[in-house]
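S.K.: just need the structure, nothing else, for what follows:
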Amino acid sequence: MDPIRNPFAPGAGTPPPELAGRDELRESLRVSLERTRLGRPAKSAMLVGLRGVGKTVLLDRIRQDAEASGIHTVRIEAPEGRSLPAILAPQLRQALLRLSRLETAKNHAVRGLRALAGFASKLKVTYQDIEVGYDFDPEPGLADNGDLEHDLQALFEQVGLAAKAAGTAVALFIDELQYVEEEQLAALITAMHRTEQRQLPVILVGAGLPQLRGQMGNAKSYAERLFEFPEIGPLPDEAARQAIGRPIENEGATIDGDAVERILALTEGYAYFLQEWGSHTWLAASASPIRRRDVAEASTQAIAALDESFFRVRFDRCTPKEKRYLRAMAELGAGPHRSGDIAACYGAKVSSLAPTRSALITKGMVWSPNHGDTAFTVPMFDEFMKRIMPGEDWRE
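M.R.: Numbering: from 1, shown residues only. Here you go, the predicted model:
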């Protein structure tokens with residue numbers, strides 16, 4: 001098959017050729033965004049799920065839908081080691097500058113930019129990574145107390161007032177929210193709560209690993225009433241078949257039904273893995289129709305590609321102690337697993353492994369579905385750990 005015409009797109013956040021199985025959620029969030037624009041009650045949403053299920057792709061598609069309807073959007077990724085004020089400030093500045101070009105919203109937007117100047121200048125003492133241009137002088141007493149929770153509320157109010165004057169809404173799209181520290185997450189939740197109370201058109205659509213739900217509940221007890229938490233998981237079988245079959249058909253080729261079923265079995269319906277197997281199967285096939293033997297030939301290359309990119313980039317971030325812990329988890333299977341069972345795998349005490357487990361949760365490698373349980377955040381990571389750390393030497 002012509003590699004130039006390969007329709008599949010394995011990559012970090014790369015849009016797939018067919019976004020299958022997500023229409024219901026997209027429609028639900030479209031309704032929430034439009035209600036926000038009208039000043040009607042609407043819950044913000046947090047998309048939660050494992051790595052590789054397509055949260056980032058879905059977040060970006062919902063943002064594109066919002067932009068197409070005239071809603072102003074802000075797109076942020078929350079990396080490890082950066083403060084929330086630092087990643088928010090430049091993007092809010094851009095949103096306010098866009099709103100300031102609209103005559104009906106100009107005065108409110110300018111006041112928002114003054115609030116942003118006060119917000120950034122005072123909080124820079126605490127969060128030294130804030131870097132943002134100041135378009136106007138601060139207004140004394142406006143978002144400049146130096147207290148994140150108080151000042152973020154004031155800043156969001158000004159953003160909401162400018163959006164309301166413009167007859168639109170501002171939608172914040174924040175990826176990897178699990179990396180935001182609890183105190184800063186609490187301030188974000190409080191600011192969103194305040195805009196909802198004032199019926200201002202500001203909405204948040206976030207995405208993160210499964211532990212995000214618990215993190216937000218710990219940060220503010222009312223978070224579960226303020227947000228929806230749709231779980232993004234593997235695609236249902238029919239949607240997974242569509243994700244494989246339709247891109248191939250759009251290129252004028254076909255794939256046998258048993259070949260599709262084999263891909264579904266190997267990938268377990270995870271969106272990223274479907275793209276990886278689809279891409280390598282296309283390359284392995286000599287002609288249409290694509291057959292099951294092409295899938296078998298492609299599987300070696302697909303697994304090697306995952307090992308060197310999707311899996312390896314996460315493995316390399318771990319310390320030797322953390323790798324041993326992950327290998328012990330893998331020995332027990334996909335999980336989740338009890339802490340005592342993991343410790344027993346290589347003769348360690350549960351209490352001695354608590355710091356290692358905590359560090360792995362912080363890095364987003366594992367999460368706790370229930371008290372005392374630990375599970376991988378990356379699908380099929382147990383099999384990768386057995387490939388990368390074979391034998392029994394890891395127990396020593």
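S.K.: any idea how far Q199 is from the residue lying closest to A115 once chain neighbours are set aside?
M.R.: Using Cβ to Cβ, 6 or more residues apart in numbering and skipping the chain neighbours, the partner closest in space to A115 is A143 (4.1 Å). All C-beta spots, glycine's among them, are computed from the backbone N, C-alpha and C. In this view, A143 and Q199 are 20 Å apart by Cβ to Cβ, to the nearest Å.
S.K.: so for the two, which sits in the more crowded spot?
M.R.: A143 (28 against 13; other Cβ atoms under 10 Å).
S.K.: ok, now which ones touch the more buried one?
M.R.: Contacts for A143 (Cβ atoms under 8 Å, 6 or more residues apart in numbering) come out as 115-116, 118-119, 151-152, 154-155, 158.
S.K.: just M46 next, same as before
M.R.: 177, 205-208, 212-213, 216, 227-230.
S.K.: which stretches of the protein have low pLDDT?
M.R.: In the predicted model, the chain carries pLDDT under 70 at residues 13.
S.K.: re the thing from before, the contacts of A143 in strands, which ones?
M.R.: Per DSSP state E, strands hold no members of the contacts of A143.
S.K.: so which of those residues are in helices?
M.R.: The members of the contacts of A143 that map onto helices under DSSP state H are 115-116, 118-119, 151-152, 154-155, 158.
S.K.: closest to I130 out of the residues you listed?
M.R.: Nearest to I130 among those, counting by Cβ to Cβ, is F119 at 8.9 Å.
S.K.: wait, that closest one sits on L148?
M.R.: No - between F119 and L148 there is no contact under Cβ atoms under 8 Å: 9.0 Å.
S.K.: these two - which one has more neighbours?
M.R.: Legend: neighbour count by other Cβ under 10 Å for F119 and L148, higher for F119 (29 against 23).
S.K.: using the three-state scheme, assign the residue nearest to that one when sequence neighbours are not counted.
M.R.: Closest residue in space to F119, ignoring its immediate chain neighbours: A143 at 4.3 Å, by Cβ to Cβ, 6+ apart. Here A143 is recorded as coil under DSSP: H, G, I helix; E, B strand; the rest coil.
S.K.: which outside residues touch stretch 284-293?
M.R.: Outside of stretch 284-293, the residues within contact range by Cβ under 8 Å, 6+ apart are 1, 248, 252-256, 258-259, 262, 281-282, 294-295, 297-298, 301.
S.K.: can I get the buried part of those as one PyMOL selection?
M.R.: Per 16 or more other Cβ atoms under 10 Å, the buried members of these correspond to this PyMOL selection:
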select buried, resi 1+248+253+255+256+259+262+281+282+294+295+297+298+301
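S.K.: give me phi/psi at D175?
M.R.: Dihedral pair for D175: phi -100, psi 160, per degrees, to the nearest 10.
S.K.: distance check, it against K349.
M.R.: D175 is 37 Å from K349, where distance means Cβ to Cβ.
S.K.: look at those two and report which has more neighbours.
M.R.: Using other Cβ under 10 Å, the more surrounded residue of D175 and K349 is D175, with 21 against 10.
S.K.: kindly state the beta-bridge partners for the more buried one.
M.R.: For D175, the beta-bridge partners under DSSP bridges are E77.
S.K.: spit out the contact partners of P41.
M.R.: For P41, the residues meeting the contact criterion (Cβ under 8 Å, 6+ apart) are 35, 196, 199.
S.K.: just say helix, strand or coil for it.
M.R.: Secondary structure state of P41, per three-state DSSP, is coil.
S.K.: same thing with L200?
M.R.: Assignment for L200 (three-state DSSP): coil.
S.K.: what about it, neighbour count?
M.R.: The number of residues packed near L200 is 22, by other Cβ under 10 Å.
S.K.: what residues are up against it?
M.R.: 39, 156-157, 160-161, 163-164.
S.K.: which neighbours do F119 and L148 have in common?
M.R.: P85.
S.K.: quick one on the thing from earlier: distance check, the residue nearest to A115 against T377.
M.R.: Remark: distance between A143 and T377 (Cβ to Cβ) = 35 Å.
S.K.: state the phi and psi torsions of the closest residue to K43 other than its chain neighbours.
M.R.: Using Cβ to Cβ, 6+ apart and skipping residues adjacent in sequence, the residue nearest K43 is E228, 4.9 Å away. The phi/psi pair for E228 (degrees, to the nearest 10) reads phi -90, psi 150.
S.K.: so what's E228 up against?
M.R.: Residues near E228 by Cβ under 8 Å, 6+ apart: 32, 43-46.
S.K.: mind listing the residues bridging to it?
M.R.: Beta-bridge partners, per DSSP bridges, of E228: A45.
S.K.: any idea how many residues pack against the nearest residue to G49 once chain neighbours are set aside?
M.R.: With Cβ to Cβ, 6+ apart as the criterion, G49 has its nearest non-adjacent residue at 3.6 Å, and that residue is I232. Counted with other Cβ under 10 Å, residues neighbouring I232 total 21.
S.K.: my read is that I232 contacts L58, right?
M.R.: Yes - with contact defined as Cβ under 8 Å, I232 counts as touching L58 (6.5 Å).
S.K.: what touches both of these two?
M.R.: Counting by Cβ under 8 Å, 6+ apart, the shared contacts of I232 and L58 are 25, 47, 207.
S.K.: could you dump those into CSV with distance to R241 and secondary structure added?
M.R.: Shown next, in CSV, are these (distance: Cβ to Cβ, whole Å; DSSP: H, G, I helix; E, B strand; the rest coil):
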residue, distance to R241, secondary structure
L25, 19, helix
L47, 23, strand
A207, 25, strand
